[in-house]
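J.: Curious how this folds, go ahead:
(chains A and B)
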Protein chains: 2
Amino acid sequence: MSENASTVRTLFWDDGALMLLDQRVLPHEFTYVRCSTVEEVIDAIRAMVVRGAPAIGIAAAYGAVLAVGAAFEQHADTWREAVGADLEALRASRPTAVNLGWAIDSMVGQFPAPGVDPRPQLLAYARLLEDADVAANVAMGERGAAYLAADTRVITHCNAGALATAGYGTALGVIRSAWRQDKLKVVFATETRPWLQGARLTAWELHEDGIPVTLIADSAAAELMRDGEIGWVITGADRIAANGDVANKIGTYSLAVCARAHGVRFMVAAPLSTVDRDTPDGGAIPIEQRDGAELLGYRNCRTAPPGVAAYNPVFDVTPAALIDVLVTEKGAVEKPDHVSIARLFGPCD
Amino acid sequence: MSENASTVRTLFWDDGALMLLDQRVLPHEFTYVRCSTVEEVIDAIRAMVVRGAPAIGIAAAYGAVLAVGAAFEQHADTWREAVGADLEALRASRPTAVNLGWAIDSMVGQFPAPGVDPRPQLLAYARLLEDADVAANVAMGERGAAYLAADTRVITHCNAGALATAGYGTALGVIRSAWRQDKLKVVFATETRPWLQGARLTAWELHEDGIPVTLIADSAAAELMRDGEIGWVITGADRIAANGDVANKIGTYSLAVCARAHGVRFMVAAPLSTVDRDTPDGGAIPIEQRDGAELLGYRNCRTAPPGVAAYNPVFDVTPAALIDVLVTEKGAVEKPDHVSIARLFGPCD
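T.: This is a model prediction of the structure:
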């Protein structure tokens, strides 16, 4: 990890297994889940032991290492065919974050020629993806922080931090860099119902780093934009369509609408692996619906009465027109659109 | 109560004491708190055993009965002076809802001449205020429902229901009337962090009445306005300034901004006792800040890590310009402003 990276280790490879910091029980318990098989990685992604689009991508890369390893041990000659079903199950473990598919495709692109033990090469490549994610986040952090003036008050939503990535974070990477550059006054973290990523993860991560953080109800953000001298809303992304529409945690769209209404600027920080050029616009992004139980109670405490229905989409789509700046490791684009996003990928891609 | 009113009894007078349905533990426990002294009423209002501006007002009226009763028993000649401090403490028990002060002033206006036992007269008047509140809500319900087309999908916030009033509800009164008129398709209730009035109270109240209700995260409302064919947002109010600005549960302002951005109409239903003609505009309404602990966890379940600050304003102000219709028991006004609100009070007030 970069010397700039947060010291939280969201995931790491340890002696033939993927270790995942269990984000379901943070910040009150700090434990790792050990995944020795791709099935265990799939279960962990589904259950949100690991979450955050970039972290899911890196976890999937190590999941592919486990899947290929098992296939190679059983079918030394035909492991490429044997591993296919596992990789498709891994790809389907969560629907919205495109980094998951991107990481699997990247790993498949590294499959060695038949007859070669694929394990060392694929493990090395997964590690490279992990390191590259941290490096991308540090680059994004510097690039995004350049937009902030002195004493900026920021709202962030969900957790796009070290815990959502291999380290340093995307939105929280920008916030970390801004803090180091002495530009940040305070971060208001929305608690982010229903899974409380803001209250449990962002508040913890920033507080651990000594960055001033104040928790707010999701619904208090608009009032704060009017009265609280907010300069920027900064979020991550789970998938960015070719036209710049952004799928991110439910509530992002509400923040973007309110930011525009109050003249507060809106920044999305995400690596290029989050951009899905095969998805033309936000309407084509699959939005995960999770169990209403997440919303009918508060962790183990039931709140709503029995028999009540819940509508629990866990992502929403913010149109590109509401995004002032999209920051990636390859550059930042203001008022992102189809053309400026295509340009990030360079002329040959 | 009217035959149209919900059967939930939020409060009632019982043999010398005010009985309050304990809204802190609904819907999983159904218990009443018995208040035999004004101090117990004050504590109950502060602790939110009873909440909702109109219900707080009626509770305060009965609190005044208890205060006057105790003062009269101790000082049969000078009870009017003796009761002053108790009534001021009652008035200060919560700052934002103006119905509290209105109810106390109404009771003081009924104080009998010296030498007369004030208790029977004041108890009768508190009962009259209670009955008048239910009647006002039924009138508002019919008036508000007249604005809804067939098959309307509504978002409501917090609880402005039978539980927030003496019965039938303000916003939920409109929803009840619309349901009876076969105009209502479904109500989306925001869970309403931090106190979860939507998840615990509105979902329960509507479900008990057989009205279709679906719970959503507060932050999902904007997405639903874009994609969910929402016709109206309908809320109550805790205080309405002379110019029509509305203080209501935190998050109301965010809903109003998003509603306007999506062409969704916004209705506020509240009795005239919620209008504070001495408050010129929303900027002059005192906004209650409650303990950050309400936001740092839920009941006994701590979410945020120790040491993290929380900003917990429990109301916000929605400017009159974002309100399409204000419904009161004396009439509905579209695009409320200083003039149209003054007109509701009639030429002699």
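
J.: quick one: A:Arg80 and chain B, what's the gap?
T.: 41 Å (CB to the nearest CB, to the nearest Å). C-beta: built from backbone N, CA, C; applies to glycine.

J.: and what of A:Pro286?
T.: Taking CB to the nearest CB, one finds A:Pro286 at 14 Å from chain B.

J.: And A:Glu208, by the same measure?
T.: Using CB to the nearest CB, A:Glu208 is found at 8 Å from chain B.

J.: Can you give me the distance of that residue to B:Asp133?
T.: Counting by CB to CB, to the nearest Å, the gap from A:Glu208 to B:Asp133 is 50 Å.

J.: Comparing those two, which residue is more hemmed in?
T.: B:Asp133 (26 against 16; other CB atoms under 10 Å in any protein chain shown).

J.: wait, doesn't the more buried one sit right on B:Ala166?
T.: Yes: B:Asp133 is in contact with B:Ala166 according to CB atoms under 8 Å; the separation is 3.9 Å.

J.: joint contacts of the two?
T.: Jointly contacting B:Asp133 and B:Ala166 under the rule CB atoms under 8 Å, 6 or more residues apart in numbering or on different chains are B:Pro54, B:Ile58.

J.: Contacts only, for A:Ala293.
T.: Residues in contact with A:Ala293 (CB under 8 Å, 6+ apart) are A:Ala310.

J.: next one: A:His338
T.: Per CB under 8 Å, 6+ apart, neighbours of A:His338: A:Ala242, A:Asn243, A:Gly244.

J.: For it, give its distance to chain B.
T.: Distance of A:His338 to chain B, computed by CB to the nearest CB: 21 Å.

J.: need the strands for the stretch 101-250 of chain A, in chain order.
T.: For the stretch 101-250 of chain A, the strands defined by DSSP state E, counting those that start in this stretch cover A:152-156, A:184-190, A:213-216, A:232-235, A:239-241, A:246-249.

J.: So for B:Gly346, which of those sits nearest?
T.: Shortest distance between B:Gly346 and the strands of the stretch 101-250 of chain A, using CB to CB, is found for strand A:213-216: 41.5 Å.

J.: Relative to that closest one, what are the paired strands and their orientations?
T.: strand A:184-190 (parallel), strand B:309-310 (parallel) (DSSP bridges).

J.: what residues go with each domain of chain A?
T.: Chain A is divided into the following domains under automatic domain parsing: A:11-135, A:140-344.

J.: B:Ser36 is nearest to which of the ones you listed?
T.: domain A:140-344 (30.3 Å).

J.: Which strands and helices lie in contact with the helix ranked longest in chain A?
T.: Ranked by number of residues, the top helix in chain A under DSSP state H is helix A:119-145. With contacts defined as 3 or more CB pairs under 8 Å, 6 or more residues apart in numbering or on different chains; DSSP states H and E, helix A:119-145 has these neighbours: strand A:11-14, helix A:53-74, helix A:99-108, helix A:171-180, strand A:265-269, strand A:325-328, strand A:331-334.

J.: let's see 6 Å
T.: Helices and strands touching helix A:119-145, by 3 or more CB pairs under 6 Å, 6 or more residues apart in numbering or on different chains; DSSP states H and E, are helix A:53-74, helix A:171-180, strand A:325-328.

J.: on that earlier part again, so of the strands paired with strand A:213-216, which one's packed in deepest?
T.: Of all the strands paired with strand A:213-216, strand A:184-190 carries the top mean neighbour count, a mean of 24, counting by mean count of other CB atoms under 10 Å in any protein chain shown.

J.: in what helix or strand does the residue of the stretch 1-150 of chain A at minimum distance from chain B lie?
T.: Distances between the stretch 1-150 of chain A and chain B by CB to the nearest CB are smallest at A:Pro27, namely 4.1 Å. If you go by DSSP states H and E, A:Pro27 is not part of any helix or strand.

J.: Could you double-check that it sits in contact with A:Glu205?
T.: No: in this structure, A:Pro27 is not within contact of A:Glu205 by CB atoms under 6 Å, at 8.7 Å.

J.: Which one of the two is surrounded by more residues?
T.: Ranked by neighbour count (other CB under 10 Å), A:Pro27 and A:Glu205 place A:Glu205 first, with 27 against 20.

J.: residues from the stretch 51-200 of chain A in reach of chain B?
T.: A:Arg193, A:Pro194, A:Leu196, A:Ala199, A:Arg200 (CB under 6 Å from any CB of the partner chain).

J.: contacting residues for the fourth one?
T.: What that stands for is A:Ala199. Applying CB atoms under 6 Å, 6 or more residues apart in numbering or on different chains to A:Ala199 gives the contacts A:Glu191, A:Leu215, B:Thr303, B:Ala304.

J.: Kindly report the same for the third one.
T.: When the contact criterion is CB under 6 Å, 6+ apart, the partners of A:Leu196 are B:Thr303.

J.: Got phi/psi on it?
T.: With angles defined as degrees, to the nearest 10, A:Leu196 sits at phi 60, psi 40.

J.: mean confidence score for stretch A:278-291?
T.: What stretch A:278-291 shows for mean pLDDT is 96.

J.: Show me what it is in contact with.
T.: Counting by CB under 6 Å, 6+ apart, A:95-96, A:239, A:241-243, A:245, A:247, A:312-315, A:317 sit against stretch A:278-291.

J.: and of those, the nearest to chain B?
T.: Among the contacts of stretch A:278-291, and counting by CB to the nearest CB, the member closest to chain B is A:Pro313, at 6.4 Å.
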